[in-house]
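J.: build the 3D model from these lines:
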Amino acid sequence: MSSTPPPSDPELLSHHELEVFADYSTLLVQDDDARLGEPEPAWYEALVEDWINTAPGIVGIGAGRPFDVPVTVDVRRTPPTDDDVELQQAEHVTQASFALPSGRLLISMQDFDDELPRIRLTPGTYAVRVYSHGLHTISEDGLDGEDRYHVVLWPTDEDHPAQILKRYPEPLPGG
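T.: Model (predicted):
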């Protein structure tokens, strides 16, 4: 993981660049102590269909390929603005919230290896918005592509149910 000082945006608390293995074309944005276990098949069906689903302390997100994918994580003081340029540029955008009582954020696919990077945050509830880019570049066989994912988090007191803010117009890759 590479962590860099926040760019000039005063609302940005931290910026991290990761390569994350998207096993089964999915990733989990989660509290380090949360465990998904064996959810019902309907949980995964919703994740595959919409690229978003939640469980306690976890937000499941879709990815276009079952390989290492670039994930940028930005932690903000406040939500993205209503005139969010990235919302217009991204091909698929989802949002939800989750509890982070441990204060350690992990992005993986049910892998809890101690060597995986954790991002330290103030314990609490966070909203997460996922911008998926480059989906149109994924090859028909799903092996190659320039897809990338931007995960933006901010503290919240509100419950944000799993939702699609912008749907990719084609069937989602990786499903």
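
J.: only C-alpha atoms for contact and neighbour calcs from this point on.
T.: OK.

J.: which stretches of this protein form helices?
T.: With DSSP state H, the ranges of helices along the chain come out as 41-50, 85-89.

J.: what comes up buried for the first one?
T.: Counting neighbours by 16 or more other C-alpha atoms under 10 Å, one finds that the buried residues in helix 41-50 are Tyr44, Leu47, Val48, Asp50.

J.: also the shortest one?
T.: Of all the residues in helix 85-89, those buried under the rule 16+ other C-alpha under 10 Å are Leu87.

J.: quick one: list the elements packing against it.
T.: strand 124-133 (3 or more C-alpha pairs under 8 Å, 6 or more residues apart in numbering; DSSP states H and E).

J.: likewise for the longest one?
T.: Packing partners of helix 41-50 (3+ C-alpha pairs under 8 Å, 6+ apart): strand 52-55, strand 58-62.

J.: just those strands: most buried one?
T.: Highest mean neighbour count of these: strand 58-62, a mean of 26 (counted as mean count of other C-alpha atoms under 10 Å).

J.: count of neighbours near the closest residue to Gly142 other than its chain neighbours?
T.: Using C-alpha to C-alpha, 6 or more residues apart in numbering and skipping residues adjacent in sequence, the residue nearest Gly142 is Arg65, 5.8 Å away. Residues contacting Arg65 under the criterion other C-alpha atoms under 10 Å number 26.

J.: so where is this structure shaky, pLDDT-wise?
T.: 1-7, 110-112, 175 (pLDDT under 70).

J.: on that earlier part again, so how far is Pro39 from the residue nearest to Gly142?
T.: 22 Å (C-alpha to C-alpha, to the nearest Å).

J.: now do Trp51
T.: Using C-alpha to C-alpha, we find Trp51 at a distance of 16 Å from Pro39.

J.: sounds good, over and out.
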